[in-house]
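K.L.:
output the structure for:
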Amino acid sequence: EEEEEEEEVDPEEIVPLAELQKRLDVSRIMSQSEKKIQDWAMDIMKDEVEKYKMELLANSLHKAPECPSVNEIVQEVASAVIKYSKDGIGLVDHAQGAEIVHSLTSATYTPPTEELELLGNTFWRKYIPEDWEQLLPEGWEQWTMGIPASVYHSLNIKGAKVAPPDAILQDKTTIGACWPMEGRKGQVTMRLAYPMNIEMVTIDHVNLDLIPEDMYDSAPKTMKVIGYPACTNKADECYSMGFDMYDPIEIARIDYDIDGSSVQTFNTIYAESPPAAEESIEENEDDEGSCSVNTGSCTSPPKTDIGGVTLKVLDNWGNDAFTCIYRFRVHGQPLF
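P.N.:
The predicted model follows:
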């Protein structure tokens, strides 16, 4: 019997145990694959969005035009009428061109995630190789695959669930175009495009004839407006912010009437002839925050160059989850 010759093993082909364990380390593999997983997910999302766009285009070419509903016609007419005479109220909106200061703004309400937007849903799961599922961290099924709302709004595409705070600077008051501030209380702060003397402010809401009655409660009810002196001197510490956030001035108290007009304008303490000023002082004499912190009187405060504004919501009409703010305008004399 011929003895079987043993096959010689090349020492260079031998992988030490420590090196083998290092190569099979799950955390190391995942860290190297994370970027590939992200790119893979984004490619899938892009493909799905492109398919959706093509479907819409195909439907628009082959589908007969539909007649608008009564609500859509009413909304279009209302939108056209509201734009007459300098944006509908005869006053220039100096909030146009302003910038939201997110660090001084409340959180945006986020509705519950729909099942289709979860990575663990059958629609998305079919794209994931079975061996990948074993390597993904625990809870990956709950990862959200929905397109962020900011993408929709930046491209002016309808379909986003929630609008960002920047929506309150736009002239859109169509149903659902509001910024849903989380909770009944909160605030939004903006840096004005230029310093100005603010004499009036306007709150816009959707026409209540166009929405169900159970949606009225998300409208803001009581608010106040805080102004901040402008910082235009480069030597000032507040110059980078554009206004002095440490010197707030309460310039207006607002009670939005849900049964009134959808567009309501209010005087500030800097208005030339504020209505019933003396009565307001008597009613608020015990309220230390009702007057300018820079003066001892509400009747004739010195006009201040305002560079930033905060709209502070004190309460809404009953919705505990969120408050819908459609539009906030400021009026007065700009200081160019």
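K.L.:
okay, now the unreliable bits of this structure?
P.N.:
Residues of the chain meeting the criterion pLDDT under 70: 1-15, 17, 20-38, 41, 59-66, 70-71, 73-88, 112-135, 140-161, 272-301.
K.L.:
sec struct for Asp209, please.
P.N.:
helix (DSSP: H, G, I helix; E, B strand; the rest coil).
K.L.:
pull the number of nearby residues for it.
P.N.:
Counted by other CB atoms under 10 Å, the residues lying close to Asp209 total 10. For every residue, glycine as well, the C-beta is placed using N, CA and C.
K.L.:
what about it, distance to Thr202?
P.N.:
Separation of Asp209 from Thr202 (CB to CB, to the nearest Å): 20 Å.
K.L.:
tell me which helix or strand Glu72 sits in.
P.N.:
helix 70-82 (DSSP states H and E).
K.L.:
try Thr323
P.N.:
Counting by DSSP H and E, Thr323 is part of strand 322-325.
K.L.:
counting by contacts, list what the helix or strand following that strand packs against.
P.N.:
Tracing the chain past strand 322-325, the next element assigned as helix or strand by DSSP H and E is strand 327-334. Here strand 327-334 touches strand 186-204, going by 3 or more CB pairs under 8 Å, 6 or more residues apart in numbering; DSSP states H and E.
K.L.:
only alpha carbons, please: show the strand it packs on as CSV.
P.N.:
Only the C-alpha atoms of strand 186-204 are listed here, as CSV (Å, rounded to 0.1, in the frame of the first residue of the first chain):
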residue,chain,number,x,y,z
GLY,A,186,-44.3,77.6,23.0
GLN,A,187,-42.6,80.2,20.9
VAL,A,188,-41.0,81.0,17.5
THR,A,189,-38.2,83.5,17.2
MET,A,190,-37.1,85.3,14.0
ARG,A,191,-34.2,87.5,13.0
LEU,A,192,-35.6,90.4,10.9
ALA,A,193,-33.9,91.2,7.5
TYR,A,194,-33.4,94.8,8.8
PRO,A,195,-34.0,96.8,12.0
MET,A,196,-37.4,98.4,12.2
ASN,A,197,-40.0,100.1,14.5
ILE,A,198,-42.8,97.6,14.8
GLU,A,199,-46.2,99.3,15.1
MET,A,200,-48.5,96.3,14.3
VAL,A,201,-48.5,92.5,13.9
THR,A,202,-50.8,90.2,12.1
ILE,A,203,-51.8,86.6,12.8
ASP,A,204,-53.2,84.6,9.9
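K.L.:
angle of the helix or strand following it against strand 186-204?
P.N.:
Heading C-terminal from strand 186-204, the first helix or strand you meet, by DSSP H and E, is strand 220-229. Strand 220-229 runs at 100 degrees relative to strand 186-204, counting by axes from the mean of the first three to the mean of the last three CA atoms, to 10 degrees.
K.L.:
contacts for strand 220-229, please.
P.N.:
198, 201, 203, 205, 243-245, 247-256, 258, 268, 289, 304-317, 323-325 (CB atoms under 8 Å, 6 or more residues apart in numbering).
K.L.:
just checking: what are the partner strands of it?
P.N.:
The strands that strand 220-229 pairs with in its sheet are strand 249-255 (antiparallel), strand 306-316 (antiparallel) (by DSSP bridges).
K.L.:
can you dump the C-alpha coordinates of it into PDB?
P.N.:
Only the C-alpha atoms of strand 220-229 are listed here, as PDB (Å, rounded to 0.1, in the frame of the first residue of the first chain):
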ATOM      1  CA  PRO A 220     -53.600  80.000  18.800                       C
ATOM      2  CA  LYS A 221     -55.600  81.800  21.400                       C
ATOM      3  CA  THR A 222     -53.500  84.100  23.700                       C
ATOM      4  CA  MET A 223     -50.100  85.300  22.700                       C
ATOM      5  CA  LYS A 224     -47.500  88.000  23.300                       C
ATOM      6  CA  VAL A 225     -44.900  89.500  21.100                       C
ATOM      7  CA  ILE A 226     -41.300  90.100  22.400                       C
ATOM      8  CA  GLY A 227     -39.000  92.500  20.500                       C
ATOM      9  CA  TYR A 228     -35.200  92.600  20.900                       C
ATOM     10  CA  PRO A 229     -33.100  95.700  20.200                       C
END
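K.L.:
strand 327-334 and that strand, what's the angle between them?
P.N.:
30 degrees.
K.L.:
report the buried residues of strand 220-229.
P.N.:
220-221, 223-229 (16 or more other CB atoms under 10 Å).
K.L.:
alright, I will stop here.
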